[in-house]
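Engineer: Predicted coordinates and the sequence they were generated for:
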Amino acid sequence: MTEIKDFINNQVEPLQSNDFIVDVQNIFLDFEYTHFPIIENDVFIGSIGRDEAEMYTSTDSINEHKYGLHRFFVREKMNWFDVFEEFSKNHTNILPILDEKNQYLGFYELDDVLHFLNETTFIKENGGIIVIEKNTNDFTFSQITQIIESNDAKILGLFISYSDSETTQITVKTTLNNFNEIIQTFRRYNYTILSEHQEDSYLNSLKERSDYLDKYLSI
């Protein structure tokens, strides 16, 4: 599988701190970037935002607006999930990439990272997704793994989709082996099932009883 670092973009050169705002504005005319990286002596000093660049005077130098640069970036060896998180956290579609000495290496584009995600096992492989919830202090990943593997299924991916001091929600993707049994086992271990599933025999049974009661009451 392609590694995320294979998506490092070097085709568009970063701007220098002594370039002019008009150069930034021209970049934003040519590309749909929300931000664009600025370097000084090959060292990244921040990214200038599209919204700010539109308000600045075209003849100003970038140096005059260094205080307004955005400082977010990712490291070359960061994994895809951390990179994706940085996109979301900074509301951007471009992320500068630095080495350990803060030398600028290039940038990631959001569309490329989304393409990479589509090739991961979590997205690409057929399977079922279960969203479960439990008290934050009571769940463990080892228990979740044990529940799934004890039903002869495999985990294709999982992550914490919400957490606070009281409850934690975990999104799990598994192979489809014994999917209903997995759901019922989670319930026996006091997990709440937040997602709906056609395979869920417990909910199907409740629905059948409800339908029967409705018919009885209408007689």
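Structural biologist: Received it, and whenever you're ready, just let me know what you need. Numbers count the residues shown, from 1 in each chain.
Engineer: So what touches the helix or strand hosting residue 112?
Structural biologist: Per DSSP states H and E, residue 112 falls inside helix 110-118. With contact meaning Cβ atoms under 8 Å, 6 or more residues apart in numbering, helix 110-118 is reached by 2, 4, 7, 9, 80, 83-84, 87, 92-94, 123-124. C-beta coordinates here come from the backbone N, C-alpha and C atoms, glycine included.
Engineer: contacting residues around residue 92?
Structural biologist: Residue 92 neighbours (Cβ under 8 Å, 6+ apart): 34, 35, 47, 70, 72, 110.
Engineer: Can you classify the fifth one as helix, strand or coil?
Structural biologist: For residue 72, the secondary structure call by DSSP: H, G, I helix; E, B strand; the rest coil comes out as coil.
Engineer: so who does it touch?
Structural biologist: Residue 72 makes contact with 47, 86, 89, 90, 92, 95, 96, according to Cβ under 8 Å, 6+ apart.
Engineer: In helices only, show me those.
Structural biologist: 86, 89, 90 (DSSP state H).
Engineer: Mark which of the residues you listed are buried, thanks.
Structural biologist: By neighbour count, with 16 or more other Cβ atoms under 10 Å, the ones in helices among the contacts of residue 72 hold 86, 90 as buried.
Engineer: Now pLDDT and distance to residue 13 too, for the ones in helices among the contacts of residue 72, in a markdown table please.
Structural biologist: Shown next, in a markdown table, are the ones in helices among the contacts of residue 72 (pLDDT from 0 to 100; distance: Cβ to Cβ, whole Å):
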| residue | pLDDT | distance to residue 13 |
| --- | --- | --- |
| 86 | 90 | 22 |
| 89 | 89 | 26 |
| 90 | 92 | 22 |
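Engineer: which of the ones in helices among the contacts of residue 72 lies closest to residue 186?
Structural biologist: Nearest to residue 186 among the ones in helices among the contacts of residue 72 is residue 89, at 30.2 Å by Cβ to Cβ.
Engineer: show me what contacts that closest one?
Structural biologist: By Cβ under 8 Å, 6+ apart, the contact list for residue 89 reads residue 72.
Engineer: do you know how far it is from residue 100?
Structural biologist: Relative to residue 100, residue 89 is positioned 22 Å away (Cβ to Cβ, to the nearest Å).
Engineer: Also residue 78?
Structural biologist: Distance of residue 78 to residue 100, given as Cβ to Cβ: 12 Å.
Engineer: one step back: just to be sure, which of the contacts of helix 110-118 are found in strands?
Structural biologist: Taking DSSP state E, the ones among those that sit in strands are residue 94.
Engineer: residue ranges of the helices in the protein, please?
Structural biologist: Under DSSP H, the chain gives helices at 21-30, 50-55, 80-90, 110-118, 121-124, 141-149, 179-188, 201-217.
Engineer: tell me which residues of stretch 167-176 are tucked away?
Structural biologist: Buried-residue list, stretch 167-176, by 16+ other Cβ under 10 Å: 168, 169, 170, 171, 172, 173, 174, 175.
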